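**Q** Give me a model of this one.
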Amino acid sequence: MLHQAWQLYGRWCRWSSPFIHLLTLTVVTFGVLTPLICHRLLHSYFYLRRWHLNSMSQEFLEQNQQEGQAALRYFEKLQIPNASEASGSDTFQPLLLVTIITVQRRNDFHYVLQVASHFHRLLQKCGARCRSHRILLCNVESDPSSHQDVRLLSSFFPMVSRDKTGNPDPRVNQFEKEKQDYIFCLEQSLLTYNPEYVLIVEDDAVPEEEIFAVLQHLLLARFSKPYLRDALYFKLYHPERLQRYFNPEPMRILEWLGLGMFLGPMLNCVYSWATGRPSLSWPIVLFFALYSMALSELVGRHYMLELRRLAPTLYNIVPVTECCTPAMLFSAPSARRVLGYLKGLHCRQGFAKDIALYSLLRTKGENAYVVEPNLVRHVGMYSSLRLNDNPKLL
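**A** Just a heads-up that it's a prediction; the model follows:
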C-alpha cells in the first residue's frame, strides 16, 4: 500500500508531470506575475488600494485640472462662428443631436468646457460623415447667467436654459430637481431640432476618440434590428468597477463561460505543442478553461473589454443594468415615451433618475441596452448632488 502511494506520488510529482507543470504555472501566474503587473491597475483585484489610491486620485485631479485649462484655451483661441451657425437656426432634421446638460460646478476644472471641446474637435475630425450631427447646450443652473463656462460656449453652440429663479418649491428634493432638469433638456432637444436620435450627455462625460465612428456604425447598421430599434434607451457608459464578470447578470456569466470554453482548448493545444504530448486532454482543457476565467476576472474584465476598441463592429450591446446616466442615447420615439414615463415618477434619495429609468423596464415592459466598452469617460470627481471635499477614484 505504501509502495503504491509512493509510486503514485512519484508519477505525479516528477518534473515532467502535467500536474507539476500546471501547479507551477498557477503559482507563478497568480502568486508572482499578475500581482507585480496589476498592482497599479485601478479595476483589478490585484490593485493595492492602500498604496496607490491617494496618489493616483491626486494625480487624476491635477491632470483633469490641466485638461480644464486646455479646454478653456481651446475656446478662447477658436474663431467665433457666424450667428446662423451658432444659433442652430437651420431647418434640416439632424440624424444625431448631442445635448450637453450642465450646471455650475467648480470653476477650476471647467468640466463642461472639456466635454464641449472634445465633441467639437471630434465633429471637425469626423468631417462629412458627421454633417448630420449637431450639438446643443442645456443650461439648468438655477440662475443661468451665473454659469460662466456656458457664457463662453454660447458663442459657439446653440443653447437652451431652464430659468428656476424665484422661490424654489420646498417639496422638490435635489433628486427630483435633477430628474426635472433631465426632462427639460430631453424635451427641448426634440422641440428645437426634432432629431432622429438624441444623445444626452452630462457635463462631466468626456467622449472617447472613436465615439462618432462607433455611433455611425450603431445607428446605420446595428440598430436596424427590431429588438434594438424599439429599445427605450442605450447607455454609453457603465462604471468600470461594476463591469466584472462576477455579477448577478446572466449575460456576463455566459460571456465568462464562453471565454473559458474558447481559451481552454486553445491553451491546451499550446501546452501540448510545447511539451510534445497528445493534442487533447479533457482534464487539461478544463484546467485551462478555469485558469483563463480566473485570470480574466482577477485582472479585470474592464481591460478585456478595451480590446473591442480595435473596430466599431467589435463593440458589444448587452442588456442594461441600473447605474448610471452620464451618456444616454434615445431614438425620437423612445425619447417621447421616456418623457411620458418620467413625468409620472417622483425621484428621491435611493430612487434617482437612473434607477427610475431602470424601473421602467419592469413596470412598462420595455427593453434597454448598454454599449461596451464605454464611449465616454466620467471625469467629474466633484458631484453636483453630493458634496465631497476629498474625492477618490474608487
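
**Q** Beta-bridge partners for the residue lying closest to V370 once chain neighbours are set aside, please?
**A** The shortest distance from V370 to any non-neighbouring residue, by C-beta to C-beta, 6 or more residues apart in numbering, is to K235 (4.2 Å). Heads up, the C-betas are built off the backbone N, CA and C, glycines and all. For K235, the beta-bridge partners are M328, V370 (DSSP bridges).

**Q** list the contacts for K235?
**A** With contact set as C-beta atoms under 8 Å, 6 or more residues apart in numbering, K235 has these partners: V320, T325, A327, M328, L329, A368, Y369, V370, V371.

**Q** Derive a ChimeraX selection command for the buried subset of those.
**A** In ChimeraX, a selection of the buried entries from the contacts of K235 looks like this (16 or more other C-beta atoms under 10 Å):
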select :320,325,327,328,329,368,369,370,371
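
**Q** Quick check: which ranges of the stretch 51-200 of the chain have low pLDDT?
**A** By pLDDT under 70, the weakly predicted segments of the stretch 51-200 of the chain are 82-91, 164-171.

**Q** All the helices of it, in order from the start?
**A** Under the criterion DSSP state H, counting those that start in this stretch, the stretch 51-200 of the chain contains helices at 83-87, 111-126, 148-153, 174-193.

**Q** Excluding chain neighbours, give the residue nearest to T26 in space.
**A** Closest residue in space to T26, ignoring its immediate chain neighbours: Y291 at 6.9 Å, by C-beta to C-beta, 6+ apart.

**Q** Between the helices of the stretch 51-200 of the chain, which one is closest to R50.
**A** If you check each of the helices of the stretch 51-200 of the chain against R50 by C-beta to C-beta, helix 111-126 wins as the nearest, at 29.1 Å.

**Q** List the contacts of the closest one.
**A** Residues outside helix 111-126 that contact it (C-beta under 8 Å, 6+ apart) are 64, 67-68, 70-72, 74-75, 78, 98, 100, 102, 105, 130, 133, 135, 137, 149-150, 152-153, 156-157, 201, 203-207, 209, 211-213, 379-380.

**Q** ok, back up a step: redo the helices of the stretch 51-200 of the chain as CSV? Include distance to L23 and mean neighbour count.
**A** Shown next, in CSV, are the helices of the stretch 51-200 of the chain (distance: least, C-beta to C-beta, whole Å; neighbours: other C-beta atoms under 10 Å):
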stretch, distance to L23, mean neighbour count
helix 83-87, 67, 12
helix 111-126, 49, 21
helix 148-153, 58, 20
helix 174-193, 53, 19
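
**Q** Output those helices in a markdown table, with distance to Y245 appended to each entry.
**A** Below are the helices of the stretch 51-200 of the chain laid out as a markdown table (distance: least, C-beta to C-beta, whole Å):
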| stretch | distance to Y245 |
| --- | --- |
| helix 83-87 | 47 |
| helix 111-126 | 30 |
| helix 148-153 | 39 |
| helix 174-193 | 31 |
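
**Q** among those, which is nearest R308?
**A** For R308, the closest of the helices of the stretch 51-200 of the chain is helix 111-126, at 19.0 Å, according to C-beta to C-beta.

**Q** Spatially central residue in the protein, please.
**A** Nearest to the mean C-alpha position of the chain, by C-alpha atoms, centre = their mean, lies Y237 at 2.3 Å.

**Q** Now for it: which residues touch it?
**A** Applying C-beta under 8 Å, 6+ apart to Y237 gives the contacts A205, C324, P326, A327, N374, L375, V376, H378.

**Q** From those, which land in strands?
**A** Of the contacts of Y237, the ones assigned to strands by DSSP state E are A205, A327, V376, H378.

**Q** sorry, back to before: which pair in the contacts of Y237 has the greatest spatial separation?
**A** Of all pairs drawn from those, the one with the longest distance (C-beta to C-beta) is C324 and L375, at 13.7 Å.

**Q** And those two? Which one has more around it.
**A** More crowded of C324 and L375, by other C-beta atoms under 10 Å: L375, with 27 against 19.

**Q** So that one sits against F212, correct?
**A** No: using C-beta atoms under 8 Å, L375 makes no contact with F212, being 9.5 Å away.

**Q** ok, back up a step: mind giving me the ChimeraX command for buried ones among the ones in strands among the contacts of Y237?
**A** Restricted to buried positions by 16+ other C-beta under 10 Å, the ChimeraX selection for the ones in strands among the contacts of Y237 reads:
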select :205,327,376,378
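
**Q** of all the ones in strands among the contacts of Y237, which comes closest to L186?
**A** A327 (13.3 Å).

**Q** ok, that closest one - contacts?
**A** So A327 contacts L199, I200, V201, E202, A205, P207, K235, L236, Y237, L375, V376 (C-beta under 8 Å, 6+ apart).

**Q** now it: how far from L236?
**A** With the distance defined as C-beta to C-beta, to the nearest Å, A327 ends up 4 Å from L236.

**Q** and if you look at Y303?
**A** Y303 is 19 Å from L236, where distance means C-beta to C-beta.

**Q** Also M266?
**A** With C-beta to C-beta as the criterion, M266 and L236 are 32 Å apart.

**Q** So the two - more neighbours on which side?
**A** L236 (27 against 14).

**Q** these two touch, right, F287 and H21?
**A** No: counting by C-beta under 8 Å, F287 stays clear of H21, with 10.0 Å between them.

**Q** what about these two, which has more around it?
**A** For F287 versus H21, neighbours defined as other C-beta under 10 Å are more numerous around F287 (21 against 16).

**Q** Just give me the neighbour total for the closest residue in space to that one that isn't next to it in sequence.
**A** Once flanking residues are discounted, F287 sits nearest to L22: 5.5 Å by C-beta to C-beta, 6+ apart. Neighbourhood size, L22 [other C-beta under 10 Å]: 16.

**Q** contacting residues for L22?
**A** I284, F287, Y291.

**Q** what about the nearest residue to R229 once chain neighbours are set aside, which SS state?
**A** Take R229 and drop its neighbours on the chain: the residue closest to it by C-beta to C-beta, 6+ apart is F223, 5.6 Å away. On the three-state scheme (DSSP: H, G, I helix; E, B strand; the rest coil), F223 is labelled helix.

**Q** sorry, back to before: could you point out which of the helices of the stretch 51-200 of the chain sits nearest S279?
**A** helix 111-126 (48.3 Å).
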